[in-house]
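1. Just a sequence and a predicted model for now, questions to come.
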Amino acid sequence: MANDKPEEDADDAALAAWELGEGDTPDPAPHPKLAHFRALFAAHPDVAALTRALDAAMNDADDPVPVTVAVQPGLLRLLAHIETLDAAIAGRVPAPPERAVSQIVSNYLEHLLHRLVTDPTGHPHFAAVWNALCAAEGAPELAVPTGTAEPTPPQAEEGPF
C-alpha cells in the first residue's frame, strides 16, 4: 500500500539511509607520524612526571588533608547566603561555609585532573612541549593552539541582565 503523504516517504528514506550508514563520512586517516609524536611526548620528562602525579591522584585512597584558604569575609558571607538559598530549595540544612569551600576546591581539582588526563596539551606548559616536538620533527600542522591569538569578545546572550 503506497503512502498517501510523499513527505513521509522522504522521511522514511532518510531514516533508513541513516540507519544503514549511507552518507556516513569516515574519520580522516590520522597523521602518519601521530603515534610517533605521542610516544615522544609521553617520554618527555615533564609529561612522565605529570603521568605519575595523575596516577597518584586517581588512585589516592588517603583521607583528605585539611588546608587553610584565605577568603574575603564578604565573599564568605555571599557563599553562606547562596548556600542557605540552595539548601532551602533542596529541603536540606545549609552546609557550613567551610564544607562549601572544601567542595568548591575539590570540584576544581577534580576538573583539573580530568582535563589533564583527557588532554594534557590543554595546559599551556604541555601545549608548549607538544608544539616544540611538532616543530622539531617538522610537523607544524599537528601543533595545538596556545591561546596567543587575540581573544574574541563573547557574544551577548539573551537574558534579563
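-> Structure's in. What do you need? Residues are numbered from 1 along each chain as shown.

2. Identify the residue nearest His44 in space, chain neighbours excluded?
-> Distance criterion C-beta to C-beta, 6 or more residues apart in numbering; nearest residue to His44, sequence neighbours excluded, is Val129 at 5.5 Å. Using the backbone N, CA and C atoms, a C-beta is placed for each residue, glycine as well.

3. Kindly report the same for Ala48.
-> Ala48 sits nearest to Ala42 (C-beta to C-beta, 6+ apart), 7.1 Å away.

4. pretty sure that neighbour contacts Ala49?
-> No - counting by C-beta atoms under 8 Å, Ala42 sits too far from Ala49 to count as a contact (11.5 Å).

5. what bits of this protein have low per-residue confidence?
-> Residues of the chain meeting the criterion pLDDT under 70: 1-7, 18, 21-27, 148-156, 159-161.

6. picking that back up, what about the residue nearest to His44, helix or strand, and which?
-> helix 124-136 (DSSP states H and E).

7. what does that helix contact?
-> 37, 40-41, 44, 46-47, 50, 116, 120-121, 140-147 (C-beta atoms under 8 Å, 6 or more residues apart in numbering).

8. What remains of those if I keep only buried residues?
-> Neighbour counting by 16 or more other C-beta atoms under 10 Å classes Phe37, Leu40, Phe41, Val47, Leu50, Leu116, Pro120, Thr121, Leu142 among the contacts of helix 124-136 as buried.

9. Can you tell me the element the fifth one falls in?
-> According to DSSP H and E, Leu50 maps onto helix 45-58.

10. Name the residues of the next helix or strand after that helix that are buried.
-> Going down the chain from helix 45-58, the next helix or strand is helix 73-90, by DSSP H and E. Residues Leu79, Glu83 are the ones in helix 73-90 that count as buried (16+ other C-beta under 10 Å).

11. so how far is His31 from the residue nearest to Ala48?
-> For Ala42, the distance to His31 (C-beta to C-beta, to the nearest Å) stands at 16 Å.

12. Check Val93 too.
-> Val93 is 55 Å from His31, by C-beta to C-beta.

13. what about the two, which has more around it?
-> His31 (13 against 9; other C-beta atoms under 10 Å).

14. so the more buried one makes contact with Pro140?
-> No - using C-beta under 8 Å, His31 is not in contact with Pro140, being 11.5 Å away.

15. Remind me which helix or strand Thr146 belongs to.
-> Short version: Thr146 belongs to no helix or strand, going by DSSP H and E.
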